[in-house]
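> this one's structure only:
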């Protein structure tokens, strides 16, 4: 599917928001439902100010949303398509790892065959 020219900067901004391991960890933690900043800090092992900054970036990109309940703010995934993007990338990585494993096994067999022929 070709991207329309005006969509390219929007797609780039979305990928930029996904281009940080800390933000991906937050999205992963939010797959289980709403969480507060404090809960996300504990779950991801990241400092609370860092979590807040990353959540702000994800919110600007439209990937997370929040709601206030008293003094607490709960965050949730706003765009479920982001999980499909992450799943697609994980599937691609797994496929490449399997292919690389097969390639490495073939190279090892070839080396073993050459070593056996040199005797």
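Perfect, thanks for sending it. Predicted model, so just to flag it, every value in this text is computed and none were measured.
> which residues in the protein form strands?
Applying DSSP state E to the chain gives strands spanning 35-36, 64-69, 72-77.
> Could I get those in CSV, plus columns for mean pLDDT?
Formatted as CSV, the strands of the chain follow (pLDDT from 0 to 100):
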stretch, mean pLDDT
strand 35-36, 97
strand 64-69, 96
strand 72-77, 96
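> Tell me which of the ones you listed lies nearest to residue 17.
Ranking the strands of the chain by proximity to residue 17 (Cβ to Cβ) places strand 64-69 first, at 9.5 Å. C-beta: built from backbone N, CA, C; applies to glycine.
> Point out where the protein drops to low pLDDT.
Counting by pLDDT under 70, the ranges of the chain that qualify are 1, 116-119.
> Chain neighbours aside, what residue packs nearest to the spatially most central residue of it?
Nearest residue to the geometric centre of the chain (Cα atoms, centre = their mean): residue 24, 4.1 Å. Leaving out its chain neighbours, the residue that sits closest to residue 24 by Cβ to Cβ, 6 or more residues apart in numbering is residue 18, at 6.6 Å.
> what do you get for residue 16?
residue 61 (7.6 Å).
> quick one, phi psi at that neighbour?
When read as degrees, to the nearest 10, the backbone of residue 61 gives phi -80, psi 0.
> was I right about it contacting residue 17?
Yes: shown here, residue 61 and residue 17 form a contact pair, counting by Cβ atoms under 8 Å, at 3.5 Å.
> What is the burial count for residue 78?
When neighbours are counted by other Cβ atoms under 10 Å, residue 78 registers 15.
> rewinding a little: residues near the residue nearest to residue 16, how many?
So residue 61, with other Cβ under 10 Å, has 19 neighbours.
> which residues touch it?
13, 14, 16, 17 (Cβ atoms under 8 Å, 6 or more residues apart in numbering).
> Since that was my last question, I'll sign off now.
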